[in-house]
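Asks: below: sequence and its predicted model.
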Amino acid sequence: MQFTDEWLIPTIEPLLPPDTIASLRQDRVGASGAVWDILVARKLLTDAQILESIAARFRLKIAPEVAPDASAREVVNEQLARRFNVLPLHLTDSYLEVATSNPFDIDAEKMLAFATGREVRMLLASPSAIRRGIEAAFPSEDEVSKLLGGLESDAEVQQLEDDADEGASADEASHAPIIRLVDMMLADGISSRASDIHVEPVEGGMVVRYRIDGVLRQVMKIPRTAGLPLISRIKIMSGLDIADRRRPQDGRARVAVNGEPVDLRISTLPASGGEKVVIRVLNAKATVLTLESLGMLEDERTTIQSLLSNKEGILLVTGPTGSGKTTTLYSALRLVQNEGVNIVTVEDPVEYKLGENIVQVQVQEKAGLTFAAALRSILRQDPDVVLVGEIRDGETAQVAVQASLTGHLVLSTLHTNDAANAVTRLVDMGIEGYKLASALRGVVAQRLMRRLCPECREKATDEVPERLRRYIPRTAPLFRAIGCAECAMTGYRGRFAIVEVLTMSPDIERLIGDGAAADRIAESAREGGMRSLWWSGLRHVLSGETTVEELLRVTDVPAEDTPAKRAAPPASATPAPPPAAAGRTHSSVDADLGTGFELIDEPDAPGVAHTGAKILLVEDEEQLRRVMRDLLEREGYIVAEARDGVQALDQVDRHAPDLIMLDLNLPGLDGYTVLEQLRSRNATARIPVIVLTAKGDEDNEVRVFELGADDFLTKPFRARALSARLQAVLARRRS
């Protein structure tokens, strides 16, 4: 028997005795259909244990125990909250935070995103906590009766006629002023580069809001006498039933603005004050389907193009609703589109007509043409490239992976926060790890950031927040948004994509096959040169395309941003370039040294006396480690590397170095523990250790010498001074 939250089983099974889940499946009479509730009711696990397990595996945040905002309760009504068992917590102009016990409920995410017009950010909470929160936010009649108990009043209340359910007739909607009003609204929205037009009921009328560059902006308020016929006119245009105002409806229309055809997708939603209408604008002329037009950096485009050169396998684009995933896939198809390639897509809906040599299939759920069914039929049509609009369920995932293993290149989208979690999501859908490791070619995680208006941007004079100083050099030119007529006083005009590109390697294939967690896969990908969304966005900030505020709105500061890390030189803050290639010139190394270490002096010629000495470099910052390796190898040393304390101890046993350069702030075992263990073992007690750290205080220096360090250097330091100290320490050891 299947539980309603079957996706949870792989996460909690390691916490339970063997065969517990199997016995629960057999003994489920009278119990809830959710395994979470069963485990808590039978005291096999606590809510806290389950929450911590989910948060650790999928790197999700646990919802704080706070009362929901009044504004959040207004946009997410009781019906939506109870239907999807979510609790609205916080609402801003750009996103909605909700607490949920199922962060992978795509239907809930899409419905909430569409109902509120905002990005949905899901936080974890237990089902019981969400139910208590819903009861508190939306009191039942019994609770209201308790509040009213003992209260008496002589006031007389008379019921008045409510006009919320009134609608306009077809004749009213056909009046010339109403037609002109709708035409003006559409023309103005399209010319303003709006991606969506919202018509929403408010007290006394309707408001019209445009979503421009991902942010909603109110443009007009219409009296109710004109608002109701306006909605009826839109429904007539899109072929919807104007008499049915109690059910959601979806339709489409096609208009021409200044002779240019524009496709519209219309959706209506019954609300407390009337109907809400959202018009999605699909302007093919305004959308240039190329990776360059998406604003990706050159090395990011090159990596994605190399992934598209594969003849088989699966390439995924991930991100929340509205992050430009479909546009990226369409742009990718343009790169492989030619007369000799058979390309077939299955989409819901088909947003843009892609032209010749591409066959596009529209999903028809009512007719039985689902993603999985359409994909099976497509595979009998001899395709070379298949685009699946979205992998929503295990069946579609199985067919897509099987297609990629049988000689087809499959492109698709997935709802995950980052690239590494796409692997975990597919495994939870039932894909075997060994199959996924063979099929997957790469994952592109994507977000959209607003671009500064070039007409009115100004240099920023404000101090950079302290938590960002390690990422942004003091001399970097930063800009701020001002606002002018060209950008409708927003300070921004247009958007671009920031991406995190995970490409497969033998190490990652092995990790996926072994069922490794997402954070371990992400760590291996970063070692191979993958940059996170934060670093991708930061490069655009440093190039003057956008602002620090926009970067913080779209992405989060990396979790490893500890106080000790912030004390490191601003050097490592600069976005890391791609991994160094063989044959790197001295001039490129010098450039890295200048920004990475603030090394003012040129290093001397290689030290002949110590050429060939083995040095173990222990440093978790990849950029720093690479620059230091270049410096040491130019000095004639043989260099081994370690990125954490555990790996450092392993490398000591493997390479028997002549000297160790040890950073103190390391993941896992810190530098103090590594130094202590080195000095406690006979085999390593006499190996010289030079400590490198950003902590230059006296107490720290005394501590490392007490633990047995041979020298102490604070960052940043001079190249010649480092070289001299290395030679001095090695000379003392040999004498």
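Replies: All right, it came through fine.
Asks: show me where pLDDT drops low in the stretch 51-200 of the chain?
Replies: Under the criterion pLDDT under 70, the flagged ranges of the stretch 51-200 of the chain are 139-175.
Asks: all helices for it, in order.
Replies: 70-75, 78-84, 106-116, 127-137, 141-148, 170-173, 176-191 (DSSP state H, counting those that start in this stretch).
Asks: tell me what the first one is packed against?
Replies: What it means is helix 70-75. strand 86-91, strand 95-100 (3 or more C-beta pairs under 8 Å, 6 or more residues apart in numbering; DSSP states H and E). No exception for glycine: its C-beta is placed from N, CA and C like everyone else's.
Asks: export those as TSV, with columns for distance to residue 423.
Replies: Output for these, formatted as TSV (distance: least, C-beta to C-beta, whole Å):
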stretch	distance to residue 423
strand 86-91	26
strand 95-100	22
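Asks: of all these, which one comes closest to residue 254?
Replies: Nearest to residue 254 among the helices and strands packed on helix 70-75 is strand 95-100 (31.2 Å), distances taken as C-beta to C-beta.
Asks: which other helices and strands does the closest one contact?
Replies: Against strand 95-100 (3+ C-beta pairs under 8 Å, 6+ apart) you get helix 70-75, strand 86-91, helix 106-116, strand 119-124, helix 127-137.
Asks: what sits against residue 115?
Replies: Counting by C-beta atoms under 8 Å, 6 or more residues apart in numbering, residue 115 touches 75-76, 80, 269, 276.
Asks: for those residues, which one is nearest residue 189?
Replies: Closest approach to residue 189 among the contacts of residue 115 (C-beta to C-beta): residue 276, at 15.9 Å.
Asks: in TSV: the helices of the stretch 51-200 of the chain, plus distance to residue 613.
Replies: Below are these laid out as TSV (distance: least, C-beta to C-beta, whole Å):
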stretch	distance to residue 613
helix 70-75	62
helix 78-84	63
helix 106-116	57
helix 127-137	60
helix 141-148	76
helix 170-173	86
helix 176-191	69
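Asks: for the closest residue to residue 46 other than its chain neighbours, give its distance to residue 101.
Replies: Spatial nearest neighbour of residue 46, excluding adjacent residues (C-beta to C-beta, 6 or more residues apart in numbering): residue 40 at 6.7 Å. Using C-beta to C-beta, to the nearest Å, residue 40 is found at 11 Å from residue 101.
Asks: one more: residue 296?
Replies: On the measure of C-beta to C-beta, residue 296 and residue 101 end up 36 Å apart.
Asks: center of this protein, which residue is that?
Replies: Centroid check for the chain by C-alpha atoms, centre = their mean gives residue 417 as the closest residue, at 3.6 Å.
Asks: I figured that residue was touching residue 59, is that so?
Replies: Yes: in this structure, residue 417 is within contact of residue 59 by C-beta atoms under 8 Å, at 7.2 Å.
Asks: what's residue 211 sitting at in phi/psi?
Replies: Reported as degrees, to the nearest 10, the phi and psi values for residue 211 are phi -100, psi 110.
Asks: list the residues that contact the spatially closest residue to it that is not a sequence neighbour.
Replies: In this structure, residue 211 finds its nearest non-sequential neighbour in residue 196, 4.1 Å apart by C-beta to C-beta, 6+ apart. Listed by C-beta under 8 Å, 6+ apart, the contact set of residue 196 reads 117, 210-211, 278-281.
Asks: residue 196 and residue 53: what is the separation?
Replies: Residue 196 is 38 Å from residue 53, by C-beta to C-beta.
Asks: what do you get for residue 413?
Replies: According to C-beta to C-beta, residue 413 and residue 53 sit 27 Å apart.
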